[in-house]
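Trainee: Here's my sequence, what's the structure:
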Amino acid sequence: MCEVRVWYGKSKEAEIKRINKELANIRSKFKGDKALDGYSKKKYVCKLLFIFLLGHDIDFGHMEAVNLLSSNKYTEKQIGYLFISVLVNSNSELIRLINNAIKNDLASRNPTFMCLALHCIANVGSREMAEAFASEIPRILVAGDTMDSVKQSAALCLLRLYKTSPDLVPMGEWTSRVVHLLNDQHMGVVTAAVSLITCLCKKNPDDFKTCVSLAVSRLSRIVSSASTDLQDYTYYFVPAPWLSVKLLRLLQCYPPPEDAAVKGRLVECLETVLNKAQEPPKSKKVQHSNAKNAILFEAISLIIHYDSEPNLLVRACNQLGQFLQHRETNLRYLALESMCTLASSEFSHEAVKTHIETVINALKTERDVSVRQRAADLLYAMCDRTNAKQIVSEMLSYLETADYSIREEIVLKVAILAEKYAVDYSWYVDTILNLIRIAGDYVSEEVWYRVIQIVINRDDVQGYAAKTVFEALQAPACHENMVKVGGYILGEFGNLIAGDPRSSPLVQFNLLHSKFHLCSVATRALLLSTYIKFINLFPETKATIQEVLRSDSQIRNADVELQQRAVEYLKLSSIASTDVLATVLEEMPPFPERESSILAKLKKKKGPGAGNELDDGKKEPGAEINGGMDPSASTASTPSPSADLLGLRAAPPAGSAAPPRRAGAPTSAGNLLVDVFSDSPAAAPGTEENFLSDLEPPTESSVSLLVDAAVPADAGAAASVCEDPALPLSEADELLNKFVCKNNGVLFENQLLQIGVKSEFRQNLGRMYLFYGNKTSVQFQSFTPTVTYPGELQSQLNIQTKAVDPLVEGGAQVQQVLNIECLSDFTLAPLINIKFRYGGTLQNITLKLPITLNKFFQATEMQSQDFFQRWKQLSLPQQEAQKIFKANHPMDPEVTKAKLLGFGSALLDKVDPNPDNFVGAGIIQTKSLQVGCLLRLEPNAQAQMYRLTLRTSKEAVSRHLCELLSEQF
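Mentor: Reported below is the predicted structural model:
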């Protein structure tokens, strides 16, 4: 390669000239009459590879590289495989020839040639190669006469194919044999096998459960060995650190071993790892400490995963506590992150709390913002009633100097902790108002919505809140969020402080109106509503307020919303009698109790799966879409700026400044489009009562608005019935299961389309909103969603849909409304088939609509005596369905409770003698009949098992509900 050295010493133009000359020479050699020998062919192919690595396109030489594969010389075959791995596209026409050469090398039994072939398969990793070799490679892996180096390559090659095309790798007899590779004498084979088994067992845990005892045995041998025992695999005095970490990670895929001997041996291993961490280092090199700490942190992760050994959990907490003041930033970060998880364990929570001062100090003094963020996370996790005031106070103090990137998250955490652990709600009100004062720009609408909800729902704090917010508004510089809270609370409860001359009605009005001209349109609109409330509360302010409403700046305002409010409020105050005014402007009723929207926002901000077992909407990487791979799982995919069409990551719109809507409050369809996942119920414009009336079975007058699912519709609406509907996607059942216990979320998403769902059900009626978002910049044409009924579902369920525009612009979103009526109990879910043309290509997606029988559950409260009396009445064998199953998720009682409530049943307290069990009751509402349902869920945390028992008056309902609910745990 000496000829190419001059390329580095010249200008870019000279380099290109020299390369073009060399390419012409190579091309002439390949096309010449004289046949090239193997060495010459290898030399020229190697030059082409080098030129490609310099950044220049290569459009010839591929056939010559393929010819090198048939050589019996290692160097020639190596260059051929290297060229193919780097330059050959997976869709190349040469793939068949390459596959033939690879087959010959795999059958040659020459270990060097077999390794080269396996490396090539792994590097290319195409679907065609997976189809050709997915059944051959497992055979090579478990064959008794295969060399160790080939076994290593085969295991890693199979791992690559399974990650890219899991459906093409057959599970068979070899799966039980591959587990025994953990006992192999060669440590390299064991390391490769652990990586493969860890990946395989995540989707097929039962097939590989025998690996637990073998992994514990191998880990025990490594941990108890001296650094001289495994010389070839000892890294800076640490025996086989990478293998140890992989084994510990593999064990985290399974619950604690049931065999007492295996469990005892594993506990001994973990204790040994913790003991070694306390020993003086055998080397001052950073590589030694890194390897040692890698094993320690993975061992602690396993201890946390098991959450069953109090002694180990406390020891792990103490060990992590020593790292909190370590000079190495990465260790402090990892210690804080691990302690966040430990804080949620009942065994180690108290031990974590002992480090509160160190964590507070880290929050104040750490230079790295990511470490400070983890410190804030840990304070949030360790908070309880005993230290809530201290932690909230420290977080508020830090908030004044916190980095802008984490302020919003800290605001949310302070708001949640203040609400969760408030002993007296005056402290809560003070905390939230202080929060608005310190970081008003980062206080989202959910926070001030929530404080208003709590103040309205609690009579004992209303007077204090009115007094406190009145004093806060007197500050010269007052944040707009404070004005919103002040306007709302004084408009409702200003009369409670009006007796004091310092806060008389006119003083309150003048104070609020002094802020009016500084506020945004949305806040001004809220203040105008406060003014009309004042006229009802304080008739003596009527003339003053009417003068303000009558001014040109209001009734001729350029903003239509403000102008309309001013005109309507002025007219209302002028013509309405006192009684009418009092009725229209009466005090707002209490809000219904529900999960804090602040908590929902924090979960959304932290990402899917962050402390939220219910919203596990993160799609598995590599899932198939229309028979191909999902590019969104790859970092190479670049969605358009409008990819987040459903507002999952977007802040609330600037115009939605009004407090949360409640029964009887109007809501615009525009807001519904923007925030699909708000806590407000999905409703079209109109009142709650109108919503209920809209859910009545359709009348003649509704025919113009609705397209009956039983009648073929036009291209715009496209709701039809099909006897043989298109087959749903392979992951349709998995997507459906995610919605059994929730009504809102993303149903489906690929690189082109995002489908969001928001629904509400009352008795045997329901309404569902589907949001179709075009994630691309290209228009969708002939967009046609079609609802179909599999089996006998058409006689059990009636679905009517509104029309959808057949053209969906790039970056746009369209909404479709489905009205649902449950006629009788059913087991199958309706299908929705979406067809559209994207860039001239027809796209065809069929999904299962998240309409399951439990959606028509009506929760029923029962006394203990009534429950057991009804339980005995439903004692026939066909009326009971029972299932015992293993837990697929961590057994968190709060998450279990939330899932049962989301399922639809009422949870009955103090009915079951065992306080750990859950008992529920409800009625399935259908048009033809009502089916009473009683359920009992018995968790066994030690065995990581559940027993679910359901009793209903109908056998099919018992079986189906039992099957639906058991999939959620």
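
Trainee: And the contacts of the host helix or strand of Gly80?
Mentor: Element membership for Gly80 (DSSP states H and E) is helix 74-87. Contacts to helix 74-87, defined as C-beta atoms under 8 Å, 6 or more residues apart in numbering, come from residues 38-39, 41-42, 45-46, 48-49, 52-53, 58, 61-62, 65-69, 71, 98, 105, 112-113, 116-117, 119-120, 123-124. From N, CA and C alone the C-beta is placed, and that goes for glycine too.

Trainee: which of those count as buried?
Mentor: By neighbour count, with 16 or more other C-beta atoms under 10 Å, these hold 38, 41-42, 45-46, 48-49, 58, 61-62, 65-69, 71, 98, 105, 113, 116-117, 119-120, 123-124 as buried.

Trainee: about what we covered before: next SSE downstream of the helix holding Gly80?
Mentor: That would be, after helix 74-87 and using DSSP H and E, helix 95-107.

Trainee: quick one: average confidence on that following helix?
Mentor: The average pLDDT within helix 95-107 is 88.

Trainee: Contacts made by the helix or strand following that helix with the rest, please.
Mentor: Counting by DSSP H and E, the next helix or strand C-terminal to helix 95-107 is helix 111-124. When contacts are defined by C-beta under 8 Å, 6+ apart, helix 111-124 is touched by residues 74, 77-78, 81, 84-85, 88, 90, 98, 101-102, 105-106, 108, 129, 133, 137, 140, 147, 149-150, 153-154, 156-157, 160-161.

Trainee: switch to 6 Å and redo it
Mentor: With contacts defined as C-beta atoms under 6 Å, 6 or more residues apart in numbering, helix 111-124 is touched by 74, 81, 85, 102, 105-106, 129, 133, 147, 149-150, 153-154, 157, 160.

Trainee: Using PDB, write out the CA atom coordinates for that helix.
Mentor: Output in PDB follows, covering the C-alpha atoms of helix 111-124 (Å, rounded to 0.1, in the frame of the first residue of the first chain):
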ATOM      1  CA  PRO A 111     -12.300 -23.200  12.300                       C
ATOM      2  CA  THR A 112     -10.600 -20.100  10.800                       C
ATOM      3  CA  PHE A 113     -12.900 -20.100   7.700                       C
ATOM      4  CA  MET A 114     -15.900 -20.800   9.900                       C
ATOM      5  CA  CYS A 115     -15.100 -17.800  12.100                       C
ATOM      6  CA  LEU A 116     -14.700 -15.500   9.100                       C
ATOM      7  CA  ALA A 117     -18.100 -16.700   7.700                       C
ATOM      8  CA  LEU A 118     -19.800 -16.200  11.000                       C
ATOM      9  CA  HIS A 119     -18.300 -12.700  11.400                       C
ATOM     10  CA  CYS A 120     -19.600 -11.800   8.000                       C
ATOM     11  CA  ILE A 121     -23.100 -12.900   8.800                       C
ATOM     12  CA  ALA A 122     -23.100 -10.900  12.000                       C
ATOM     13  CA  ASN A 123     -21.700  -7.800  10.300                       C
ATOM     14  CA  VAL A 124     -24.200  -7.800   7.500                       C
END
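
Trainee: Where does pLDDT dip in the chain?
Mentor: Counting by pLDDT under 70, the chain shows low-confidence ranges at 1-10, 33, 90-91, 227-229, 593-726.

Trainee: Which parts of it belong to which domain?
Mentor: Following the TED database, one finds the domains of the chain at 422-597, 730-851, 854-967.

Trainee: how about these in CSV, adding mean neighbour count?
Mentor: Putting the domains of the chain into CSV (neighbours: other C-beta atoms under 10 Å) gives the following:
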stretch, mean neighbour count
domain 422-597, 18
domain 730-851, 19
domain 854-967, 17
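
Trainee: between the contacts of helix 111-124, which has the most around it?
Mentor: Using other C-beta atoms under 10 Å as the neighbour test, these are led by Ala154, with 30 neighbours.

Trainee: where exactly do the helices run in the stretch 701-850 of the chain?
Mentor: Along the stretch 701-850 of the chain, counting by DSSP state H, counting those that start in this stretch, helices occupy 732-737.

Trainee: where do the strands sit along it?
Mentor: 707-708, 745-749, 753-762, 765-774, 780-788, 797-801, 813-822, 831-838, 841-848 (DSSP state E, counting those that start in this stretch).

Trainee: can you check the stretch 351-500 of the chain too?
Mentor: Using DSSP E, counting those that start in this stretch, the stretch 351-500 of the chain contains no strands.

Trainee: Between the strands of the stretch 701-850 of the chain, which one is closest to Leu950.
Mentor: Closest approach to Leu950 among these (C-beta to C-beta): strand 813-822, 18.5 Å.

Trainee: Quick one: residues in contact with that closest one.
Mentor: Residues from elsewhere that reach strand 813-822 (C-beta under 6 Å, 6+ apart): 645, 697, 764-773, 798-802, 804-805, 808, 856, 926.

Trainee: ditto for stretch 382-396
Mentor: For stretch 382-396, the surrounding residues in contact (C-beta under 6 Å, 6+ apart) are 343, 352-353, 360, 379, 410, 414, 417-418, 421.

Trainee: Now the terminal residues of it, how far apart.
Mentor: Length of stretch 382-396, first residue to last, C-alpha to C-alpha, to the nearest Å: 16 Å.

Trainee: what's the spacing between it and its chain's center?
Mentor: In terms of C-alpha atoms, centre = their mean, to the nearest Å, the gap separating the centre of stretch 382-396 from the centre of its chain is 28 Å.

Trainee: got it, and stretch 353-362?
Mentor: 30 Å.

Trainee: picking that back up, could you save the domains of the chain as JSON lines and add columns showing distance to Ser338?
Mentor: What follows is these, written out as JSON lines (distance: least, C-beta to C-beta, whole Å):
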{"stretch": "domain 422-597", "distance to Ser338": "27"}
{"stretch": "domain 730-851", "distance to Ser338": "29"}
{"stretch": "domain 854-967", "distance to Ser338": "16"}
